[in-house]
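Enquirer: I would like to see how this sequence folds:
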Amino acid sequence: MDRRLRNRILLFLLLAAVTAVVLIKATGRQLVVKISAVTPIRENIVASISSNGKVEPISPFVMRAELDTFVEKIYVVEGQAVKKGQPLLELNVKDAEAQLAQARSKLLRAQSDLRVAKGGGRSDTAAQVSGALATATAQRDRLQRSHDALLRLIEQHAATRDELAANDLELTKAQSEVTRLTAAKQEFDRGVNLDANQAPLLVQQAQSEVAALQEKVRNGHIFAPSSGTLYALPVKPGDYVKVGDLLAEMADLRKVRVRAFIDEPELGALEPNEPVKITWDALPNRAWMGKTETIPKQVVARAARSVGELLCTVDNDKLELLPNINVNVRINTKERDNVLAVPRGAVEADANRRFVYVVKPGDFGKTKLEKREIHVGIADSTNYEVTGGLQQGEMVALPGDIDLKDGMAVKIMNTDASSVRGRQEAN
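Expert: As a prediction, the model looks like this:
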């Protein structure tokens, strides 16, 4: 076969292929993809955040041991409702009571010493010191007068020098005694002044010791500080407890706090006073309602998650929610009524843009897809709120086994509402 003949054959084959494509398009035999579609309708949409949380009492009363001792008696059981002032338990305070008796005796002595110091010292000692000094002073003064008289008599030759010397010896001894007793009197006075300054401090120290021991004795008798539920009682009679050990915990559990752990990407949607629904796996048919209270101010690590801790106040009138249990939390962040809703599965994302494939009439009476950008608002688990780009009544394609494309020829197989809803849930 020569080259010219081969070229003519190839040209004829190419023309035949082009002719076949044109004829297929003209006759409508293009490949048609079978899909399901849905017509968006108006619905009420509630955007929510779901997470887990832990129940806590709002204002708990925590009772701890104030002394090292034994638990003597317990009057209640864990989970019991108690009234304010009701006895809960007793600790052994015999050692504290003995120490209190000694401290009270010490206080009485200190108070007696204070009265003595304010009165100028002990009266018998003060009288003895003052009397001895007065006697010595009088003796010295008498001998001094005798000395003066003997000098005059010697001048008159009526007395001798030996008599004067004997008198002066006694005068010297008397003066020494006066000096000694004067120093003793000054030392006594300084002691009285010192006692007067120290005695109030000693009284204050003794009073503080008595008050502390009285508090220990009182703390040995544990009473309910308020009405509520005793939800923790980790001790039993005979247990040895140290200062700071937990004895009991109680609170009013008619309202509780739920600490919800919200993943970091969802924190921006939280606001105070949003409705909260609490469920507990142990009571699957019950739900408790509350409101968000304190919005997280920081993010913390919790296992493999990065979360903010949202505090919620929850009604618990039947006292069914117990402290420290793990619960499920759903926060309704936003609500929209009667908005145009499109299934989440029908919406594709491209960066910050959202688009759907709208079913449109094509050439030769066929149906095609049109890729169209839409604007969305809030979303729930199944739907997006459509705020722009789509009109009510337009049909939107649902994803299937074949990737949807702009301009694709399609055939609508099923628009039944139940089928559409099932496909939404599957997505």
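
Enquirer: Is the residue of the chain most remote from its centre in a helix, a strand, or coil?
Expert: For the chain, the residue at maximal distance from the C-alpha centroid (Cα atoms, centre = their mean) is His157, at 107.1 Å. Under the three-state scheme (DSSP: H, G, I helix; E, B strand; the rest coil), His157 adopts coil.

Enquirer: quick one: contacts for it?
Expert: Applying Cβ atoms under 8 Å, 6 or more residues apart in numbering, one finds that His157 lies in contact with no residue. Every C-beta, even on glycine, is put in place using the N, C-alpha and C of the backbone.

Enquirer: Over to Val347?
Expert: Counted by Cβ under 8 Å, 6+ apart, Val347 has contacts 354-356, 374, 376, 384.

Enquirer: Ok, Ala47 next?
Expert: 269, 332-335, 378-380.

Enquirer: at 6 Å what do you get?
Expert: 333-334, 378-380 (Cβ atoms under 6 Å, 6 or more residues apart in numbering).

Enquirer: do Arg161 as well
Expert: So Arg161 contacts nothing (Cβ under 6 Å, 6+ apart).

Enquirer: And the pLDDT for it?
Expert: Confidence at Arg161, expressed as pLDDT, is 82.

Enquirer: Tell me how far it lies from Thr172.
Expert: Distance of Arg161 to Thr172, given as Cβ to Cβ, to the nearest Å: 16 Å.

Enquirer: Please report how far Ile278 lies from Ala269.
Expert: Counting by Cβ to Cβ, the separation of Ile278 from Ala269 is 18 Å.

Enquirer: what do you get for Leu311?
Expert: Distance, Leu311 to Ala269, by Cβ to Cβ: 16 Å.

Enquirer: got it, and Arg354?
Expert: Counting by Cβ to Cβ, the gap from Arg354 to Ala269 is 18 Å.

Enquirer: List the contacts of Val256.
Expert: Counting by Cβ under 6 Å, 6+ apart, Val256 touches 55, 314, 316, 321.

Enquirer: Report whether it is found in a helix, as I expect.
Expert: No. Assigned with three-state DSSP, Val256 falls outside any helix and is strand.

Enquirer: so what's it closest to, chain neighbours aside?
Expert: Asn316 (4.8 Å; Cβ to Cβ, 6 or more residues apart in numbering).

Enquirer: Next, count neighbours for the one you found.
Expert: Asn316 has 20 neighbouring residues, counting by other Cβ atoms under 10 Å.

Enquirer: List the contacts of it.
Expert: Residues in contact with Asn316 (Cβ under 6 Å, 6+ apart) are 253-254, 256.

Enquirer: could those residues go into JSON lines alongside distance to Ala287 and pLDDT?
Expert: Formatted as JSON lines, these follow (distance: Cβ to Cβ, whole Å; pLDDT from 0 to 100):
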{"residue": "Leu253", "distance to Ala287": "17", "pLDDT": "94"}
{"residue": "Arg254", "distance to Ala287": "17", "pLDDT": "93"}
{"residue": "Val256", "distance to Ala287": "14", "pLDDT": "95"}
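
Enquirer: With distance to Ile325 as new columns, can these be given to me in CSV?
Expert: Output for these, formatted as CSV (distance: Cβ to Cβ, whole Å):
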residue, distance to Ile325
Leu253, 12
Arg254, 16
Val256, 10
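
Enquirer: ok, Leu319 touching Leu253?
Expert: Yes. Assessed by Cβ atoms under 6 Å, Leu319 is found in contact with Leu253 at 5.2 Å.

Enquirer: So for the two, which sits in the more crowded spot?
Expert: The neighbour comparison of Leu319 against Leu253 (other Cβ under 10 Å) goes to Leu253, with 22 against 15.

Enquirer: Tell me where the stretch 1-150 of the chain has strands.
Expert: Using DSSP state E, counting those that start in this stretch, the strands found in the stretch 1-150 of the chain span residues 33-38, 41-57, 61-64, 69-74, 81-82, 87-91.

Enquirer: What residues sit buried inside stretch 387-397?
Expert: 389-390, 394, 396-397 (16 or more other Cβ atoms under 10 Å).

Enquirer: Among those, which lie within strands?
Expert: Of the positions in the buried residues of stretch 387-397, 396-397 sit in strands, assigned by DSSP state E.

Enquirer: what two of the buried residues of stretch 387-397 are the furthest from one another?
Expert: Greatest spatial distance among these (Cβ to Cβ): Gly389 and Ala397, at 14.9 Å.

Enquirer: Please identify which helix or strand holds Gly244.
Expert: Assigned by DSSP states H and E, Gly244 falls within no helix or strand.

Enquirer: For Asn219, see how far away the spatially closest residue to it that is not a sequence neighbour is.
Expert: Nearest residue to Gly244, sequence neighbours excluded (Cβ to Cβ, 6+ apart): Arg64, at 5.5 Å. Computed with Cβ to Cβ, the distance linking Arg64 and Asn219 is 9 Å.
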